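Peer 1: please work out how this folds:
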Amino acid sequence: MSYLHPTGEIRNIEKLPKLVEDIVQTSVDTGPRGVLRLAQGVQAFLGVGQEWLTDVSK
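Peer 2: From the prediction side, this is the model:
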């Protein structure tokens, strides 16, 4: 299974912990917009996590 990384590239689900790390790092690097970026990242992570759980439970 694949997911869409915040940079726009498609990655494998096995790299999901790296996605979380990238999201947090991006939020820190963006300065004042970091809170918004982090919120968007959490939303994306939850969406991917939900899809992953759906696929795993099949």
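Peer 1: can you give me the strands in this structure?
Peer 2: Counting by DSSP state E, the chain forms strands over residues 2-4, 10-12, given from the N-terminal end onward.
Peer 1: rank those by pLDDT, which is bottom?
Peer 2: Set side by side, the strands of the chain show their lowest mean pLDDT on strand 10-12, which sits at a mean of 62.
Peer 1: tell me where the model's unsure across this structure.
Peer 2: In the predicted model of the chain, residues 1-16 satisfy pLDDT under 70.
Peer 1: just give me the longest helix of it.
Peer 2: Of all the elements of type helix in the chain, the one with the most residues (DSSP state H) is helix 34-56.
Peer 1: tell me which residues of that one come out buried.
Peer 2: Within helix 34-56, the residues that qualify as buried are 37-38, 41, 44-45, 48, counting by 16 or more other CB atoms under 10 Å. All C-beta atoms are positioned from the backbone trio N, CA, C, and that covers glycine.
Peer 1: do the same with stretch 19-28
Peer 2: Residues of stretch 19-28 classed as buried: 19, 22-23, 26-27 (neighbour count, 16+ other CB under 10 Å).
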